[in-house]
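> task: produce atomic coordinates for the following.
(2 chains, ligands or ions: 2)
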Amino acid sequence: MLKLEDVVTCYGNIKALKGISITIQPGEIITVIGANGAGKSTTLMTICGIIPPRQGKIIYEGQDITNAEPDKIVGMGISQVPEGRRIFPFLTVQENLDMGAYLRRDTDGIKRDRDYIYELFPILAERRNQAGGTLSGGEQQMLAISRALMAKPKLLLMDEPSLGLAPIIVQQIFSIITKINQENGTTILLVEQNANMALKVAHRGYVMETGRITMEDTAKGLVSNPEVKDAYLGV
Amino acid sequence: MDLDYFFQLFLGGMTRGSIYALIALGYTMVYGIIKLINFAHGEIYMIGAFTALIIVGALGMTGLNPVLIFLIAGVIAVLTSAGYGVTIERIAYKPLRNAPRLSALISAIGMSLFLQNYVLLAQTSNFLPFPTLIPEFKFLANAGGIISSTQIIILATTALVMVVLTLLIKFTRIGKAMRATSQDRQMAQLVGIGINKVIAFTFVIGSFTAALGGVLICSHIGQINFYIGFIAGIKAFVAAVLGGIGSIPGAVLGSFVLGLTESFGTGYISSDYEDVFAFLFLVLILTIRPSGILGREKKAKV
Ligand SMILES: Nc1ncnc2c1ncn2[C@@H]1O[C@H](COP(=O)(O)OP(=O)(O)OP(=O)(O)O)[C@@H](O)[C@H]1O
Ligand SMILES: [Mg+2]
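Residues are numbered from 1 along each chain as shown, chains lettered A, B, ... in the order given. Ligands and ions are numbered 1, 2, ... in the order given. Modelled structure (predicted):
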């Protein structure tokens, strides 16, 4: 479904990605784990066309999207829940959701999906006319996920959705990730520092270190790998 | 106190305020969306006025109804200015979008000087008379000269523009996209908003209202030259900062506050200091509220 081939991305002269290759099959949950500054967020921003790669290729559903504009890429079915939630602070909860559905024209479908979201997260329904910036961190994360879902993505990119949330909310977020994947068949690329949780829900995973992929295996394989255990699972 | 005189000053201030508001909207919207003080914005207003003057001159010989001529000239002026606005964005600001902010600012100042001199060379440095095309309304005969029909049209047009713009920004798809883009441009891209279109549209709207202001004020004052955009632009900029740059209601409020201050200041104190009042007031307000009357301080939740 998505294929990164030897992708190099730079900020000025700094190489943040030094030639990474990732393959994702339809219906998979893939996780990318790695320490701070490894290049995980950069990978997601590169896929979305925000920071186009200096070298390499990105193929999505057989099409080359390496240098496509971000709005084209969203239109093709890739959405992102970015690091730090990035809620539009002065738009209401409902307007934030509407923005998620920006490229859709099926008014009825949008309404149906919004109702589904409000059922999934009743707190958002309660807060629908409140400015997004006034929500709590957990509520904002729910809104960020919901906003991405409103685009009806085929591939959902999530950047540390559990960061800074209470354990019970983290549980909830991960069960929703599984639910989105199983019920809608949405393919998910999940970036996490919480490797324990990520490897529980993922099918396969990649380990990233300073701009390079250093390991690639099934989730089970990674969990039982002594190096991964030492470095990322804290056991 | 002479009540007639008071009302005359009040309405004069409101008229000035309306024009400042029409220009200030463009400053504040462009600032909101790309964080740039578009110094060439006053020139858009001036170009609007000149375009109208040229069209009025050309149509004047046809013997058409003056009101019709005014409307045609206004429409063409507004469209021409919108074209200039978008073109300026495309060639002078878009290439610098990811450059340091100072670069774009310098580019804007350059654009302003360029357009002034362009009109100076194409036209003349003298003031040119702008014909009166709006007839005096009959019902104003008893008003004792407190207000003219042109002033009424300025006030009404401004009010209409404000209402339409508010609805546009609050409820339409493009309006929401504009707000989203101004709050987080990258995130706007991530939800699929084509920010190039949104930014261009912002320049269209800003230029549109500025040109409208240009055409209206010239038919009120009756003369124009290449320099009017500079003065009006600075004043409208002051108004936008006064109200809180980036805020649309702020720009409108700041404009009326400024227009009234100038009008009463010149009427009751001295007309020698007309331009001083604006800056005095600016300093005063910003001392009390550094981000303007309605400006909001940036607070981000982490
Ligand atoms: N806008 C930027 N300008 C310059 N360098 C950047 C920028 N964004 C990221 N970097 C650098 O690129 C490298 C990768 O950053 P990235 O944000 O992708 O890491 P990450 O794996 O997501 O880390 P974290 O887990 O802390 O979020 C880092 O060394 C970072 O300093
Ligand atoms: Mg990151």
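> so where do the strands sit in the stretch 51-200 of chain B?
In the stretch 51-200 of chain B, the strands defined using DSSP state E, counting those that start in this stretch lie at B:128-129.
> just for chain A, where's the confidence low?
In the predicted model, chain A carries pLDDT under 70 at residues A:235.
> so which residue of the stretch 51-200 of chain B comes closest to chain A?
Here the residue of the stretch 51-200 of chain B nearest chain A is residue B:192; by Cβ to the nearest Cβ that distance is 3.4 Å. For every residue, glycine as well, the C-beta is placed using N, CA and C.
> which non-adjacent residue is nearest that residue?
With Cβ to Cβ, 6 or more residues apart in numbering or on different chains as the measure, residue A:74 is the residue that lies nearest to residue B:192, at 3.4 Å, once sequence neighbours are left out.
> try residue A:164
Beyond its immediate neighbours in the sequence, the residue positioned closest to residue A:164 (Cβ to Cβ, 6+ apart) is residue A:137, lying 5.8 Å away.
> on the three-state scheme, residue B:28 is what?
When the structure is reduced to helix, strand and coil (DSSP: H, G, I helix; E, B strand; the rest coil), residue B:28 reads as helix.
> quick one: contacts for it?
B:240, B:243, B:245, B:246, B:247, B:248, B:250, B:251 (Cβ atoms under 8 Å, 6 or more residues apart in numbering or on different chains).
> let's see 7 Å
By Cβ atoms under 7 Å, 6 or more residues apart in numbering or on different chains, the contact list for residue B:28 reads B:240, B:245, B:246, B:247, B:248, B:250, B:251.
> what's the spacing between it and residue B:289?
Going from residue B:28 to residue B:289 by Cβ to Cβ, to the nearest Å gives 16 Å.
> on that earlier part again, can I get the contacts of residue B:28 in CSV with distance to residue B:229 and secondary structure?
CSV is the format used below for the contacts of residue B:28 (distance: Cβ to Cβ, whole Å; DSSP: H, G, I helix; E, B strand; the rest coil):
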residue, distance to residue B:229, secondary structure
B:240, 15, helix
B:245, 19, coil
B:246, 22, coil
B:247, 23, coil
B:248, 21, helix
B:250, 22, helix
B:251, 17, helix
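> which one of those residues sits closest to residue A:4?
residue B:246 (38.2 Å; Cβ to Cβ).
> so that closest one touches residue B:33, yeah?
No: when contacts are counted by Cβ atoms under 7 Å, residue B:246 is not listed as touching residue B:33 (9.0 Å).
> tell me which residue is most central in chain A.
Relative to the mean C-alpha position of chain A, the nearest C-alpha, by Cα atoms, centre = their mean, is the one of residue A:158, at 1.5 Å.
> what sits closest to that one if chain neighbours are left out?
Residue nearest to residue A:158 in three dimensions, not counting chain neighbours: residue A:81, with 4.5 Å by Cβ to Cβ, 6+ apart.
> what do you get for residue A:23?
The nearest residue in space to residue A:23 (Cβ to Cβ, 6+ apart) is residue A:3, at 5.2 Å.
> show me which positions of whatever helix or strand that neighbour lives in end up buried.
In this structure, residue A:3 is located in strand A:2-11 according to DSSP states H and E. Neighbour-count burial for strand A:2-11, with 16 or more other Cβ atoms under 10 Å in any protein chain shown as criterion, is recorded at A:2, A:4, A:5, A:7, A:8, A:9, A:10.
> now, which of these sits nearest chain B?
For chain B, the nearest member of the buried residues of strand A:2-11 is residue A:10. The distance, counting by Cβ to the nearest Cβ, is 13.7 Å.
> got the contact list for that closest one?
Applying Cβ under 7 Å, 6+ apart to residue A:10 gives the contacts A:16, A:54.
> how about 10 Å then?
Under the criterion of Cβ atoms under 10 Å, 6 or more residues apart in numbering or on different chains, the contact list for residue A:10 reads A:16, A:17, A:18, A:42, A:51, A:53, A:54, A:55, A:211.
> where does the second one fall, helix, sheet strand or coil?
Following three-state DSSP, residue A:17 is assigned to strand.
> now do it against chain B, distance only.
Relative to chain B, residue A:17 is positioned 18 Å away (criterion: Cβ to the nearest Cβ, to the nearest Å).
> who does that residue form a beta bridge with?
The residues paired with residue A:17 through beta bridges, assigned by DSSP bridges, are residue A:9.
> sorry, back to before: dump the buried residues of strand A:2-11 into a markdown table; add distance to residue B:12 as well.
Rendered in a markdown table, the data for those read as follows (distance: Cβ to Cβ, whole Å):
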| residue | distance to residue B:12 |
| --- | --- |
| A:2 | 64 |
| A:4 | 65 |
| A:5 | 68 |
| A:7 | 64 |
| A:8 | 64 |
| A:9 | 59 |
| A:10 | 58 |
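> helices of chain B, residue ranges please.
Across chain B, reading from the start of the chain, the helices by DSSP state H fall at B:3-34, B:41-60, B:66-88, B:101-122, B:149-171, B:173-183, B:185-190, B:195-221, B:228-243, B:248-264, B:274-288.
> surely residue A:50 forms part of a helix?
No: judged by three-state DSSP, residue A:50 forms no part of a helix; its state is coil.
> tell me how far it lies from residue A:40.
Going from residue A:50 to residue A:40 by Cβ to Cβ gives 14 Å.
> kindly report the same for residue A:184.
If you measure residue A:184 against residue A:40 using Cβ to Cβ, the figure is 24 Å.
> what does residue A:78 give?
Distance of residue A:78 to residue A:40, given as Cβ to Cβ: 16 Å.
> which residues touch the closest residue to residue B:11 other than its chain neighbours?
Computed as Cβ to Cβ, 6+ apart, the closest residue to residue B:11 that is not its neighbour in sequence is residue B:147, at 4.9 Å. Contacts of residue B:147 were listed using Cβ under 10 Å, 6+ apart, and they are B:7, B:8, B:10, B:11, B:12, B:14, B:15, B:137, B:140, B:155.
> residue B:68 too?
If you count contacts by Cβ under 10 Å, 6+ apart, residue B:68 has them with B:59, B:62, B:133.
> just to revisit the earlier point, closest one to ligand 1 out of the contacts of residue B:28, please.
When the contacts of residue B:28 are compared for distance to ligand 1, the smallest value, 23.4 Å, is given by residue B:246; criterion: Cβ to the nearest ligand atom.
> next, count neighbours for that closest one.
When counting by other Cβ atoms under 10 Å in any protein chain shown, one arrives at 24 neighbours for residue B:246.
> hmm, it is touching residue B:296, no?
Yes: checked against Cβ atoms under 10 Å, the pair residue B:246 and residue B:296 is within contact range at 8.0 Å.
> neighbour-wise, which of residue A:50 and residue A:40 wins?
For the pair residue A:50 and residue A:40, the greater number of neighbours falls to residue A:40 (24 against 17), based on other Cβ under 10 Å.
> so the residue nearest to residue A:158 versus residue A:189, what's the distance?
Plainly put, residue A:81 is 10 Å away from residue A:189 if you go by Cβ to Cβ.
> joint contacts of those two?
Once Cβ under 10 Å, 6+ apart is applied, the residues that residue A:81 and residue A:189 both contact turn out to be A:44, A:156, A:157, A:158, A:159.
> surely the first one is in a helix?
Okay, so that is residue A:44. Yes: for residue A:44, which was evaluated using three-state DSSP, the result is membership in a helix.
> neighbours of it, how many?
For residue A:44, the tally of surrounding residues (other Cβ under 10 Å) stands at 23.
> over to the last one?
Residues within reach of residue A:159, counting by other Cβ under 10 Å, total 23.
> what is it paired to in the beta sheet?
Once the bridges are assigned, which here means DSSP bridges, residue A:159 pairs with residue A:191.
> let me see the contact set for it.
Residue A:159 makes contacts with A:32, A:40-41, A:43-45, A:80-86, A:144, A:189-192, as judged by Cβ under 10 Å, 6+ apart.
> give me that answer again for 8 Å
The contact partners of residue A:159, by Cβ under 8 Å, 6+ apart, come to A:40, A:41, A:44, A:80, A:81, A:82, A:83, A:191.
> just the closest of the residues you listed to ligand 2, please.
residue A:41 (3.1 Å; Cβ to the ion).
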